[in-house]
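In: From the sequence below, what's the structure:
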Amino acid sequence: LQCLWCYTNKTCIDYPVRSLLPPSSLCSLSQARWGVCWINFEALIIAIAVVVGLILVSVAVCCCYCCYCRRRSRSRPDEEEEQLARKREERRLQSLQRKHERKLKHDEIRKKYGLLQDSDNPYSRFENE
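Out: Predicted coordinates for the structure are as follows:
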């Protein structure tokens, strides 16, 4: 594969290894073939450019998608945290309400049986009749 075939003068020349592309003085790029006769240099350059471009675009799309997913996953825990905090607060309020209702019920029972202490004198001694 060190051969450079030139269609203009139909000769096979040793490929100039020092330069990436063959110089136009040797053979024009459109007429130069590499190694075997069917690999056109222009087509090869275009194909390589397209492949590299597709790779770069796919890497950029993957990076953008990953960044979008990370941002989205970061925002979700915040929303979940807020939702959990709201539920926690609701449960706490319900608990306080139930506690207050129990206290009222217990006070009512104490009042019924005369066990409710006088609020004016909370330190009075309990006396059995």
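In: Skipping adjacent residues, who's closest to residue 107 in space?
Out: Distances taken as Cβ to Cβ, 6 or more residues apart in numbering place residue 116 nearest to residue 107, at 6.3 Å, with adjacent residues excluded. Yep, even glycine has a C-beta here, placed from its N, CA and C like the rest.
In: sec struct for that neighbour, please.
Out: What DSSP: H, G, I helix; E, B strand; the rest coil gives for residue 116 is coil.
In: pLDDT at it, what is it?
Out: Residue 116 carries a pLDDT value of 73.
In: can you list the domains in this protein?
Out: 1-37, 42-112 (the TED database).
In: can you put those in TSV and add mean pLDDT?
Out: Output for these, formatted as TSV (pLDDT from 0 to 100):
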stretch	mean pLDDT
domain 1-37	72
domain 42-112	88
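In: Kindly reformat the ones you listed as TSV and extend each row with mean neighbour count.
Out: Formatted as TSV, those follow (neighbours: other Cβ atoms under 10 Å):
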stretch	mean neighbour count
domain 1-37	13
domain 42-112	10
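In: Return the distance of stretch 42-55 from the chain's centre.
Out: Distance, stretch centre to chain centre, for stretch 42-55: 31 Å (Cα atoms, centre = their mean, to the nearest Å).
In: what's the answer for stretch 5-12, then?
Out: With Cα atoms, centre = their mean, you get 55 Å for stretch 5-12.
In: Same question for stretch 22-33.
Out: 49 Å.
In: just to revisit the earlier point, do I have it right that the residue nearest to residue 107 meets residue 106?
Out: No - between residue 116 and residue 106 there is no contact under Cβ atoms under 8 Å: 9.6 Å.
In: Give me the distance between the particular helix or strand that has residue 102 in it and the centre of its chain.
Out: Assigned by DSSP states H and E, residue 102 falls within helix 41-112. Centroid separation between helix 41-112 and its chain, computed with Cα atoms, centre = their mean, is 11 Å.
In: What is that helix packed up against?
Out: In terms of contacts (3 or more Cβ pairs under 8 Å, 6 or more residues apart in numbering; DSSP states H and E), helix 41-112 is packed against strand 32-34.
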